[in-house]
Every structure is written in C-alpha cells, then in structure tokens.
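In: Sequence plus the predicted model coming up.
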Amino acid sequence: MEYQMNPMRGIRGAITVERDDADEIAVATLHLFETMMEKNRLKTDDITAIFITVTHDLKSTFPARAIRQVEKYRFLPIMCAQEIPVENAVKRCIRLMMIAFCPQIRHEAIHHVYLRDAQILREDLRGENNG
C-alpha cells in the first residue's frame, strides 16, 4: 500500500496587542493572517476554515471582522471563541488556526507564525517560522 500525504494542513499563529482596542485588534489580526498566508504561499481558495481565539482580556471586537472586511476574504468561514483563562498565560493574545489545502507543502515545511509577545508560546519555533 502506497502512502499518500494528506494535502490538508493546520497552520497556527498568534500575536499580541498592547491594549483592548478594536482598531489595534483588527490591524494585528489581519497582519497575522496575511503573514501566515504569505509565508505558506497560500491563496484565498486554499483556505477551508479559520478558527480565532482571544484571551479573556480582549472584548472590544470580533477579530474575524478584520479579515472579512477585505473583499477577497469576505466569504471565508471564520469562527471566533474565547481562550481558556489559564493563570499566567500570555495576555492580550489572538490565536489563529487555519485549515488549508496545500498539497505542495510537506507537513514539516509548514510555517507557523508567532509574533510579538506570542513568540513565547512556541519557543521551539523561534527563528524558524516567526515573522
């Protein structure tokens, strides 16, 4: 039996913001999303679903709104949720996981993106995949 690689990949990323401000959250979310798209050479049609979570201290807007306001991303399926409020966790953090069709990329070649203070979430990736 020949092994075939699954062309669907989960690509993770996170970014922090300085304060709970709708504009700052929107800019950071779109920056994270577009950085993930660019680093993984993805097109809009490659995206199957996007899941976004925020820490409990971010309440001023839905991060998905920033992505949907860009016309080419308008119909992407995006869901937002709140992170589990774990003590001493990174504060003011937006996490994003996209499920994408990317048969040209091997699993180990996926570029996960952790920006700003969120880099400590995946120190094992520091210098490899971070923007």
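Out: Received, thanks. Numbering: from 1, shown residues only.
In: Tell me what the residue positioned nearest the centre of the chain is bridged to.
Out: Against the mean C-alpha coordinate of the chain, by Cα atoms, centre = their mean, the closest residue is residue 96 at 2.8 Å. Taking DSSP bridges as the rule, residue 96 bridges to residue 13, residue 52.
In: what sits against it?
Out: 12, 13, 14, 29, 32, 33, 36, 50, 51, 52, 63 (Cβ atoms under 8 Å, 6 or more residues apart in numbering). In short, each C-beta sits where N, CA and C put it, glycine included.
In: try 10 Å
Out: Contact partners of residue 96, counting by Cβ atoms under 10 Å, 6 or more residues apart in numbering, are 11-15, 29, 32-33, 36, 50-54, 63-64, 67, 78, 80, 113.
In: show me where pLDDT drops low in this protein?
Out: For the chain, applying pLDDT under 70 flags the ranges 1-6, 105, 107, 123-131.
In: longest helix in it, by residue count?
Out: helix 22-39 (DSSP state H).
In: Just the CA trace of it, in PDB.
Out: Extracted in PDB, the C-alpha atoms of helix 22-39 (Å, rounded to 0.1, in the frame of the first residue of the first chain):
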ATOM      1  CA  ALA A  22     -10.900  47.400  18.300                       C
ATOM      2  CA  ASP A  23      -8.600  49.000  15.700                       C
ATOM      3  CA  GLU A  24      -5.500  47.600  17.200                       C
ATOM      4  CA  ILE A  25      -7.100  44.100  17.400                       C
ATOM      5  CA  ALA A  26      -8.200  44.400  13.700                       C
ATOM      6  CA  VAL A  27      -4.800  45.500  12.500                       C
ATOM      7  CA  ALA A  28      -3.000  42.800  14.400                       C
ATOM      8  CA  THR A  29      -5.400  40.100  13.300                       C
ATOM      9  CA  LEU A  30      -5.100  41.000   9.600                       C
ATOM     10  CA  HIS A  31      -1.300  41.300   9.900                       C
ATOM     11  CA  LEU A  32      -1.100  37.800  11.400                       C
ATOM     12  CA  PHE A  33      -3.400  36.300   8.900                       C
ATOM     13  CA  GLU A  34      -1.700  37.800   5.900                       C
ATOM     14  CA  THR A  35       1.700  36.900   7.200                       C
ATOM     15  CA  MET A  36       0.600  33.300   7.600                       C
ATOM     16  CA  MET A  37      -0.800  33.300   4.000                       C
ATOM     17  CA  GLU A  38       2.400  34.800   2.600                       C
ATOM     18  CA  LYS A  39       4.800  32.500   4.400                       C
END
